[in-house]
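A.B. asks: what follows is a predicted protein model with its sequence.
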Amino acid sequence: MRLALLLCVLLVLALPRADAKRRTKGGTSAKERRKERKAAEIAKLTQEELWAQEDEAMPMYNSALDAEDVGDFVAAEQAYRDAIAVAPAWVAPAMNRAVLLNSLRRTKEAIAQYEALLGVHKNHAQAMFNLANAHRSIDELDKAKDLYRRVIVQSWTEAGS
């Protein structure tokens with residue numbers, strides 16, 4: 001009986017933790033690889049294709065703005081999501097959704113939206129600055145400082161060009 005109990009304990013100890021994340025050999029998760037593929041696909045689009053996506057998403061974006069104006073934040077957030085799904089490279093709906101989420105105190109979701117935006121537009125200064133502010137608001141000060149520094153360095157670099 002003791003041996004069976006000992007074997008059960010050893011088996012349980014050998015199992016991975018419930019909160020452990022699986023990693024591939026390359027060290028990136030499937031979610032990270034999907035984000036990288038999506039960014040690569042967007043990068044291949046021509047300017048005309050990007051404009052066509054924006055034109056298609058414009059009614060959804062306008063609906064989001066209208067919903068925000070009347071205080072229907074649930075409808076606004078969904079309409080921003082819809083616009084982003086159609087035009088993932090368009091900054092306006094992604095930025096507005098992140099700002100809306102942050103104003104609703106859904107900071108973690110806002111952070112994820114800013115990060116998604118930066119996945120497509122790596123050096124978007126306003127998104128970086130807003131992301132830093134979001135991290136600061138939840139006391140993730142090291143992340144905020146790093147982002148503020150990136151914004152400053154980028155501003156100096158662009159000013160010197």
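C.D. replies: Okay, I see it.
A.B. asks: count the neighbours of residue 141 for me.
C.D. replies: Residue neighbour count, defined by other CB atoms under 10 Å, stands at 11 for residue 141. Placement of C-beta: from N, CA and C, glycine included.
A.B. asks: my bad, should have said residue 47
C.D. replies: The number of residues packed near residue 47 is 7, by other CB under 10 Å.
A.B. asks: contact partners for residue 65?
C.D. replies: Applying CB atoms under 8 Å, 6 or more residues apart in numbering to residue 65 gives the contacts 76, 96.
A.B. asks: any idea how far residue 73 is from residue 120?
C.D. replies: Applying CB to CB, to the nearest Å, the value for residue 120 to residue 73 is 24 Å.
A.B. asks: please identify the buried residues of stretch 34-48?
C.D. replies: By 16 or more other CB atoms under 10 Å, the buried positions in stretch 34-48 come out as 35, 39, 42.
A.B. asks: same deal with stretch 88-105?
C.D. replies: For stretch 88-105, the neighbour count (16+ other CB under 10 Å) marks 88-90, 92-102 as buried.
A.B. asks: nearest to residue 116, out of the buried residues of stretch 34-48: which one, please.
C.D. replies: residue 35 (7.4 Å; CB to CB).
A.B. asks: for residue 28, which three-state class applies?
C.D. replies: Assigned with DSSP: H, G, I helix; E, B strand; the rest coil, residue 28 falls in the coil class.
A.B. asks: let me fix that, I meant to ask about residue 122.
C.D. replies: The local conformation at residue 122, judged by three-state DSSP, is coil.
A.B. asks: immediately after the top helix by length along the chain, which helix or strand?
C.D. replies: Determined from DSSP state H, the single longest helix within the chain is helix 47-69. Next helix or strand after helix 47-69 toward the C-terminus (DSSP states H and E): helix 73-86.
A.B. asks: the helix or strand that that next one is followed by to helix 47-69, inter-axis angle?
C.D. replies: Where DSSP H and E defines the elements, the next helix or strand beyond helix 73-86 is helix 91-103. Using axes from the mean of the first three to the mean of the last three CA atoms, to 10 degrees, one finds that helix 91-103 and helix 47-69 are set 30 degrees apart in direction.
A.B. asks: residues in contact with helix 91-103?
C.D. replies: 57, 60-61, 64-65, 68, 73, 76-77, 80-81, 83-84, 87-88, 107, 109-110, 113-114, 116-117, 120-121, 124, 126-127, 130, 133-134, 137.
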